[in-house]
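Undergrad: Take a look and give me a structure for this.
(2 chains)
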There are 2 protein chains.
Amino acid sequence: MAQAVRHDAMRAGNLALVLGEVSARGSLTRAALAEVTGLTKTTVSKLVADLIETGLVVETGAVRGGERGRPGVEVRIRGDRVAALGLEINVDYLAVRVVDLSRSVRLRRTQAVDNRSAQPVDVIARLRDLALSAVDEAVGNGLRIVGGALAVPGPVDLGSGVVHNAPNLGWRDVPVLSLLDLGLPLHVENEANLAALGELWFGSGPTDFLYVSGEIGIGAGLVVAGSLFRGARGFAGELGHVVVAPDGPPCRCGGQGCLEQYAGQDALLRSTGQAGSVGLMTLVSRVKDQDPEAVAACRQAGWALGVALSSTVNLVDPDTIVLGGVFAPLFPWIDGIVTETLQSRLGQMRLSVPPIVVSRLGFEAAALGAAGQVIERVIADPAALFQPLQPSQPLQPLQP
Amino acid sequence: MAQAVRHDAMRAGNLALVLGEVSARGSLTRAALAEVTGLTKTTVSKLVADLIETGLVVETGAVRGGERGRPGVEVRIRGDRVAALGLEINVDYLAVRVVDLSRSVRLRRTQAVDNRSAQPVDVIARLRDLALSAVDEAVGNGLRIVGGALAVPGPVDLGSGVVHNAPNLGWRDVPVLSLLDLGLPLHVENEANLAALGELWFGSGPTDFLYVSGEIGIGAGLVVAGSLFRGARGFAGELGHVVVAPDGPPCRCGGQGCLEQYAGQDALLRSTGQAGSVGLMTLVSRVKDQDPEAVAACRQAGWALGVALSSTVNLVDPDTIVLGGVFAPLFPWIDGIVTETLQSRLGQMRLSVPPIVVSRLGFEAAALGAAGQVIERVIADPAALFQPLQPSQPLQPLQP
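TA: Predicted coordinates:
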C-alpha cells in the first residue's frame, strides 16, 4: 500500500516534470524530453502517452511509416481540449474569459453593470449566468473546463474563499465561492494580484514589477522573479490605502487621505463632474481634446499616484512599474507627472527611478490572470486531472 | 579535469550538507548524520574529519576505548576557532562585534562619536583601528577571523560595495570597502537589513517580520520566511522616506514630509530641545518622569510612525513589526499610539493589525547581523575555507 502510494506520487511528479518542460520549451521530441528530464526514453514514452490520452499534449510533425517517437515528431501542449475559466467581479463590470492550455484566449464575455447598487447574491447570480453560458459554448467547441478562478476587488481569505471586506463594492463577509457554485473547482483571489499575474503571463512585461490596478479602488500586485509577493496573510499590495495626506478626505477603508481618494476612478471622475464607465470614456475624450479641467484632474491623480509610489519604491524597490486599469487609457496624461514626482522625491537617493510603463491588457488583466493561474496549476500537477470521473462525481479541487 | 571539478563540487556540496545539519540540529552522531543526509557512514566520517581539521566542528561526549564514532559521541559546531567580524558605522557611533561559529558574541567594542562632522576617510580609519584591535585580541584568544561585514546607514550597491548616498552621514559615492581594507574578505550592506537579520538570528523574534531601525535615519528590513526581502536593486526597506505628509518639512533625501522628519532621532530630540546620544538618554529619563514635553514628542513620533507603518502594512503585510534602535528604549511611550494609529487606519480592512513588539538587541542588532551573515556564509559553503593558505595569500573572498 505504502509502495503504491509512493509509486503514484513518483508518477505524478514525473508527469509534472514532462508537462512542465513541454510547456516551457514550446515543443520537443521524446528523446529531448528524456535528455532534459533525466528519465529513460521508455518512461518518457509512457508518460507522454498518458498526457496525450488526457488531452494535455499532442504530437506533431512527420510520422514515418506510422511509427511514433521517430525523429521529427515533437510533443507540444494541446490547445483545443483542456481550458480554464477566468472570472472577475469588479465595481462596474463582470468579466468571463476562457483560456486554453496553450494560453490562447478562446472566449470573452464582459458585462458593464453597476455592482454597487446590487446585493452580493444578485451580482454573483448574474456572473453565474454569464459563466455558465460561456462554459456551455466552450464545451460545445470541444473544450473541457477543468477549473476556474475569480478576481474580486478586495482582500480575500485564500483558505475559506470568503471576501471579508471589499469596501468599494460594499461587501462584507461574502462567501462568494459557495454562492457561485459552478460545479467546477474554483478559487478566489484579489483582483490586483490576478491582474499582475495576467500581465506576467499574457502581457509583454518583465518578471520583476509592480502592477498598479486603477479601478474604482486601486490595488497593486508585486511580482518578484516571476512569483507573486502576497505578504504574511495574503493582504499585500493594498496600494489604494497608502497614505497620501494623513489628514486628507475620509476613505471607505476607515482611514484618511488614502491614494484611492485622490486617484481612484471615482475621485478622478468626481473632479470632472463625470460618473461611471461612460464617464471614463468621456474623460478620455476630453483629455484628448486638451480640456483644461480633465487635464488638471489627471495631473492631480498622477501627483497623488507619484506620492504613493514614492513610498512604495522606498519600501519594496520594484524594477518596473506597470500602470493598468483606468490608468492605461489615461497613461499619456499621467505618465509624465508620476515620473516627475518620483524623480523629485527619490532622485537623490537612487541612480534612477523605476520606469513607468503602460499595461497592454487594460481591464482584461485580472480575468486573464485568473484563468492563467488555473492553467499554471494544471501544468504543475497534471495528475490531478487523471482521476476517473463518475458522472455524479465533481472534479477534485485543485489545491490553492 | 572536468571529473575532478565535478568531484570537488560534490565534496563542497556534501560538506555544506553535513555542516548545515549540525548547525541546525545542535549536535548529532555520525550515524544520525548519515541518516538525515542520505550519505554513507564512510562518506560522513571523511567529511566530519575534514570539518574537524578546519576547526568548524568538534566531537563531544563519551569516547569508549579511545575509539571515535561510537554511540554517545556527537558532532557539534566548534565555537572557539572560527569567528566573524561584524562592523557598523552609524551617525553617532562605531561598533565592532566578534561572533564565533556557534553564534556566541566573543568581543564587543562600541565608540560614541559624531560621524557627521568627520570626513568619510577619517571615519573609516577610526573604524579600521577599532576593528584591527578587536581582531588582534580575538586572534590572541585563538580565534580565526574568516571574514567580516559592515553595516552602513544608507542604500548600498552590493556589487561594488560603494555607498552611493547616506544622507544622514552626508556621504556620496564612498568606496567604503576599499578604504577599510582589513586584509579580510569583507562586504557591506544597509544597516536596517543587517539589523533585521540580527533580530532573526540573535533575537527571539518570529521568522516573518518587519524590523524597524530607529536611528538618526529610519530604515526597515523585511524578513519573509527567514530570508531578507531586498527588492530589485537591493534598496527595499527605506521606511524613513515613506511619505507622512506630502507637503511636510524638507528631507535630506530630496523629498518632503518623510517619516524621518517626524520620528527620526534628531526630529525626536529637536522637539524636546535635546541633541546627540546624551540627548537620547535625557529624553528617556524625562519620559520616564512623565515630563509632558517628552511624552508629547514620543506621541508625535509614534503617530507619524503609525501613519508610515499603515502604508507599509497595506503594501507588504508583515506578520509582526519589531521596533529597534531608538524606538527600543522609548517603546513603552510609543507602542500605544503606533497600535492605535494602525488600528484606526487598518482596522476595517483586516481582522487584526500586526502586533508591535520591541527589539531585544537595541543598537547592537546591525553589527550582530553583519557577523551573523558571515557565519551563515561559512555554514553554506565551508569548502571556501579549505584552500591552503600561504602566508602572503589573502583568504578567498566569500561570495556576496
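Undergrad: Just give me the neighbour total for the residue in the stretch 251-400 of chain A that chain B sits nearest to.
TA: Nearest residue of the stretch 251-400 of chain A to chain B: residue A:317, at 2.6 Å (Cβ to the nearest Cβ). Where C-beta positions appear, they are placed from N, C-alpha and C, glycine not excepted. Using other Cβ atoms under 10 Å in any protein chain shown, residue A:317 is surrounded by 22 other residues.
Undergrad: Kindly report the same for residue A:287.
TA: 22.
Undergrad: Ok, the one 5 residues further on next?
TA: Residues lying near residue A:292 (other Cβ under 10 Å) number 9.
Undergrad: do the one 4 residues further on as well
TA: The criterion is other Cβ under 10 Å. On that basis, residue A:296 has 13 neighbouring residues.
Undergrad: How about it: what's its closest non-neighbour residue?
TA: Distance criterion Cβ to Cβ, 6 or more residues apart in numbering or on different chains; nearest residue to residue A:296, sequence neighbours excluded, is residue A:271 at 7.8 Å.
Undergrad: Verify the stated contact: the one you found with residue A:299.
TA: No: with contact defined as Cβ atoms under 8 Å, residue A:271 does not reach residue A:299; the gap is 10.5 Å.
Undergrad: before we move on, the earlier item: not counting its neighbours along the chain, what's nearest the residue of the stretch 251-400 of chain A closest to chain B?
TA: residue B:231 (2.6 Å).
Undergrad: Tell me the secondary structure at that neighbour.
TA: Of the three states, residue B:231 takes coil under DSSP: H, G, I helix; E, B strand; the rest coil.
Undergrad: now it: how far from residue A:21?
TA: As defined by Cβ to Cβ, to the nearest Å, residue B:231 lies at a distance of 31 Å from residue A:21.
Undergrad: again with residue A:53
TA: Where residue A:21 is concerned, residue A:53 sits at a distance of 19 Å (Cβ to Cβ).
Undergrad: So between the two, which is more surrounded?
TA: residue A:21 (17 against 10).
Undergrad: OK, contacts around that one?
TA: Applying Cβ atoms under 8 Å, 6 or more residues apart in numbering or on different chains, we find residue A:21 in contact with A:28, A:33, A:36, A:37.
Undergrad: Would you tell me which one of those residues comes nearest to chain B?
TA: Closest to chain B, out of all of these and judged by Cβ to the nearest Cβ, is residue A:36, at 19.2 Å.
Undergrad: Please name the spatially closest residue to the closest one (chain neighbours excluded).
TA: Here the residue nearest residue A:36, using Cβ to Cβ, 6+ apart, is residue A:21, at 5.4 Å.
Undergrad: Any idea how many residues pack against the residue of the stretch 101-250 of chain A found nearest chain B?
TA: Closest contact between the stretch 101-250 of chain A and chain B, by Cβ to the nearest Cβ, is at residue A:231 (2.5 Å). Residue neighbour count, defined by other Cβ under 10 Å, stands at 22 for residue A:231.
Undergrad: give me phi/psi at it?
TA: Backbone geometry at residue A:231, expressed as degrees, to the nearest 10, gives phi 80, psi 170.
Undergrad: Residue B:312 is in contact with that one, correct?
TA: No: when contacts are counted by Cβ under 8 Å, residue A:231 is not listed as touching residue B:312 (10.5 Å).
Undergrad: Mutual contacts of the two, please.
TA: Joint contacts of residue A:231 and residue B:312 (Cβ under 8 Å, 6+ apart) are residue B:318.
Undergrad: I'd say residue A:222 and residue A:239 touch.
TA: No: in this structure, residue A:222 is not within contact of residue A:239 by Cβ under 8 Å, at 9.5 Å.
Undergrad: before we move on, the earlier item: contacting residues around the residue nearest to residue A:317?
TA: Residues near residue B:231 by Cβ under 8 Å, 6+ apart: A:316, A:317, A:318, B:237.
Undergrad: Okay, now the sheet partners of the helix or strand of chain A with the lowest mean pLDDT, with direction.
TA: Lowest on mean pLDDT, DSSP states H and E among the helices and strands of chain A sits strand A:156-157, with a mean of 80. Strand A:156-157 pairs in its sheet with strand A:162-166 (antiparallel), by DSSP bridges.
Undergrad: show me where the stretch 1-150 of chain A has helices.
TA: A:2-25, A:30-37, A:41-53, A:120-140 (DSSP state H, counting those that start in this stretch).
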